[in-house]
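Chemist: Return atomic coordinates for the entry below.
(chains A and B)
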Amino acid sequence: GAGVSQSPSNKVTEKGKDVELRCDPISGHTALYWYRQSLGQGLEFLIYFQGNSAPDKSGLPSDRFSAERTGGSVSTLTIQRTQQEDSAVYLCASRLDFVGTQYFGPGTRLLVL
Amino acid sequence: GENVEQHPSTLSVQEGDSAVIKCTYSDSASNYFPWYKQELGKGPQLIIDIRSNVGEKKDQRIAVTLNKTAKHFSLHITETQPEDSAVYFCAASNGHNNNDMRFGAGTRLTVKP
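Modeler: Numbering: from 1, shown residues only, chains lettered A, B, ... in the order given. As a prediction, the model looks like this:
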């Protein structure tokens, strides 16, 4: 079946602009995660959605970052007033239920000039 | 909370040799340990996982071992091939907290032909 998809695959923007990154999780998966991966680094947790529960936003680095998950499926990560340090790969992952394996999408490579 | 450490950060082996990557975890309640492979320009992909009720699991050339007493687990790749070159991440979770999975910092494996 289809895996996790993300769009766009690459995004170049100017400092100060807002960007929106989209994640389509695996159908039926109730859990959705966003991570940030800087060049050559590990996975930095950003935000977690589980069903209709309030999201865990504890990893968001600043109030310029926000995310929504509409209808328990598609999620959008928004970065306002982008800074050069926001340049990274943004990865989305979904999980079937409360425990188990996370399945990752291919990521969105964001470059802020 | 859980803390996962991964070693080495980089590993270079000759084609045909074995590669071993080690991870330690801090939470004795952790019971699920996946390994991910991330190729250049792609998202992490699950390659093998192990649960705490077993000590070893094999899948063709890859195997994972778990020592719960010492709180460490390892990935073993035998007969390495150039296509095994990638970044490998370990992770640990206890399944009791929906957002408790923690990732190691990654190991960049290079297999030289």
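Chemist: Hmm, A:Gly3 is touching A:Tyr103, no?
Modeler: Yes - using CB atoms under 8 Å, A:Gly3 is in contact with A:Tyr103, at 6.2 Å. Yep, even glycine has a C-beta here, placed from its N, CA and C like the rest.
Chemist: the more surrounded of the two?
Modeler: Counting neighbours by other CB atoms under 10 Å in any protein chain shown for A:Gly3 and for A:Tyr103 shows that A:Tyr103 has the greater number, 20 against 14.
Chemist: what's the overlap in contacts for A:Gly3 and A:Tyr103?
Modeler: Listed as contacting both A:Gly3 and A:Tyr103 by CB atoms under 8 Å, 6 or more residues apart in numbering or on different chains are A:Ile26.
Chemist: Any idea how far the lowest-mean-pLDDT helix or strand in chain B is from the middle of the chain?
Modeler: Least confident helix or strand, chain B: strand B:102-103 with a mean of 89, by mean pLDDT, DSSP states H and E. Distance, stretch centre to chain centre, for strand B:102-103: 11 Å (CA atoms, centre = their mean, to the nearest Å).
Chemist: Which strands or helices does it pack on?
Modeler: strand B:86-92 (3 or more CB pairs under 8 Å, 6 or more residues apart in numbering or on different chains; DSSP states H and E).
Chemist: The strand it packs on pairs with which strands?
Modeler: Its sheet considered, strand B:86-92 pairs with strand B:32-38 (antiparallel), strand B:102-103 (antiparallel), strand B:107-112 (antiparallel) by DSSP bridges.
Chemist: Go through these and find the least confident stretch.
Modeler: Comparing mean pLDDT across the strands paired with strand B:86-92, the weakest is strand B:102-103, with a mean of 89.
Chemist: Could you pull up the residues touching the residue nearest to A:Arg22 when sequence neighbours are not counted?
Modeler: Nearest-residue entry for A:Arg22: A:Ser7, 4.8 Å, with adjacent residues in sequence omitted and distances by CB to CB, 6 or more residues apart in numbering or on different chains. Listed by CB under 8 Å, 6+ apart, the contact partners of A:Ser7 are A:21-22, A:24, A:108.
Chemist: which parts of chain B sit against chain A?
Modeler: Within reach of chain A by CB under 8 Å from any CB of the partner chain, chain B has these residues: B:32, B:34, B:36, B:41-46, B:49, B:89, B:93, B:95, B:98-99, B:101, B:103-106, B:108.
Chemist: ChimeraX command for the buried members of those residues?
Modeler: Filtering these down to the buried ones (16 or more other CB atoms under 10 Å in any protein chain shown) takes a single ChimeraX command:
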select /B:32,34,36,43,44,49,89,93,95,98,99,101,103,104,105,106
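Chemist: hmm, back to that, what would the contacts of A:Ser7 look like in CSV with pLDDT?
Modeler: Compiled in CSV, those are given as follows (pLDDT from 0 to 100):
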residue, pLDDT
A:Leu21, 98
A:Arg22, 97
A:Asp24, 96
A:Thr108, 97
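Chemist: Restricted to strands, list the residues you listed.
Modeler: Mapping the contacts of A:Ser7 onto strands (DSSP state E) picks out A:21-22, A:24, A:108.
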